[in-house]
Structures are given as C-alpha cells and as structure tokens.
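Q: fold the stuff below for me.
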Amino acid sequence: MKNLIRVWLLTILAAWGLYVGLAFLIDVAFGHHFNLLEKGISAAVYVLVVSLGFWIGYSYFLFPRIKYLEKRDTAQPTFENVSTSVVNTPQGFDFGLLKTAIAGNWMVTFSDDVEKVLKFRTKIGFKSWGEAAWLQYDSDTEKLYLACFPIAKTQSGALKIQREIEDCFKVFEPTVK
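A: Sure, this is the predicted structure:
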C-alpha cells in the first residue's frame, strides 16, 4: 500500500511540475511576465482536482483487491475476473518448498502455515498494476487450489500469473518423506 501512495504522490508532483513548466514556457514565448507564486497556486489547484479524481478511481478499482491481499483472511477471493484452477499434488508434497519457490518469484503479501494459504502478487509496473494470486493446499485431498486475478478491474485477466504458477508447480520436484 505504501508503494501505491508513493506512486500517487509522485504523480501529483510530476503533474504540478509539468503544469508550472508549461506555463513558464508559454509566458516566455509570448513575452509575458512569469509570476511563480500565481502559477504555482493555480497549478496546485489544478493538480489537486485531477489527483482527487485519480484517488477516487484508485480507491474504487484497486483498494478492495489490495486490502484483500494484505488482510489476514484465508478465504478464496470473490472478485470479478478471478481465474481458478485445481492441481493434484503428488504423494509426499511439501508445501514449504512450493512456498519458498513462490517467494523467490513473486511478492508474498500473506502467508498462513496452519491453513496452508498464500497470497502473492507481481510487482506494479509502469504499464500495469500487476496480477495477484491466492493459493491453498488441502492436505486431506492433496489438491492445490489456485485463484488468480488482476489487481486492476479493467485488466483482461490474470492468465499470465496462472500459467507461471502452474509451470512453477510442474517443474517443482517434491521430496518424499
């Protein structure tokens, strides 16, 4: 969550700087006197209005999914665009080794060793908010339940992370105890 707030604040700062810079260039090009205080205040009002719209959209589209990833809830996600799959695990499957493999490739946001649940996500990029996944191992049925979803509701789906996780699981060599 801290990274997303940092992105929002950097966006505000960049927009303010762009607005003031363009106002300076326009004033100089047309021979007007540039008043930094006047332009700075009008830029701040403009940027605050625009960033408020960004924050409203951010809270509508992203907050519920990010809060779910950080929450201590072990239930499967119930969002739109959730892609689920079930994988049969071999005899002697070690959840700890899979957890280590996942921690090496993705950012783990929640882990529960008692219920054998993991929540993890990809890094947030410039072009995408990333994808996330919920994984639970049921030792009674020896099945691995996987639910993947995009962090932003507007993305088409989380099939990429699902394929990567299933490929990670196929390569995974369980140890027999």
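
Q: helix or strand with the lowest mean pLDDT in this structure?
A: The element with the least model confidence among the helices and strands of the chain, by mean pLDDT, DSSP states H and E, is helix 159-171, at a mean of 68.

Q: residue with max distance from the center of the chain?
A: Distance from the C-alpha centroid of the chain, by C-alpha atoms, centre = their mean, peaks at residue 31 (46.5 Å).

Q: using the three-state scheme, assign that one.
A: Going by DSSP: H, G, I helix; E, B strand; the rest coil, the secondary structure assigned to residue 31 is coil.

Q: distance of it relative to residue 23?
A: Here the criterion is C-beta to C-beta, to the nearest Å. By it, residue 31 lies 14 Å from residue 23. C-beta: built from backbone N, CA, C; applies to glycine.

Q: ok, residue 129 next?
A: Between residue 129 and residue 23 the distance, using C-beta to C-beta, works out to 31 Å.

Q: give me the more crowded residue out of these two.
A: When residue 129 is set against residue 23 and neighbours are counted by other C-beta atoms under 10 Å, the residue ahead is residue 129, at 22 against 19.

Q: just to check, the more buried one is in contact with residue 122?
A: No. Assessed by C-beta atoms under 8 Å, residue 129 is found out of contact with residue 122, at 9.2 Å.

Q: from one end of stretch 95-113 to the other, what's the distance?
A: Using C-alpha to C-alpha, to the nearest Å, the end-to-end distance of stretch 95-113 comes to 9 Å.

Q: list the contacts of it.
A: Counting by C-beta atoms under 8 Å, 6 or more residues apart in numbering, the neighbours of stretch 95-113 from elsewhere in the structure are 69-72, 74, 116-123, 132-133, 135, 137, 139, 144, 161, 164-165, 168-169, 172, 174-175.

Q: residue 9 is in what secondary structure piece?
A: Under the criterion DSSP states H and E, the helix or strand holding residue 9 is helix 2-29.

Q: return the list of helices and strands in contact with that helix.
A: helix 36-61 (3 or more C-beta pairs under 8 Å, 6 or more residues apart in numbering; DSSP states H and E).

Q: what's across from the closest residue to residue 161 other than its chain neighbours in the sheet?
A: Closest residue to residue 161 in three dimensions, ignoring its sequence neighbours and counting by C-beta to C-beta, 6 or more residues apart in numbering: residue 131, at 4.2 Å. Here residue 131 sits in beta bridges with residue 150, as judged by DSSP bridges.

Q: tell me which residues touch residue 131, please.
A: By C-beta under 8 Å, 6+ apart, the contact list for residue 131 reads 121, 122, 148, 149, 150, 151, 155, 158, 160, 161.

Q: and those, which of them are buried?
A: Burial by neighbour count, judged by 16 or more other C-beta atoms under 10 Å, picks out 121, 122, 148, 149, 150, 151, 158, 161 from those.

Q: fine by me, thanks again.
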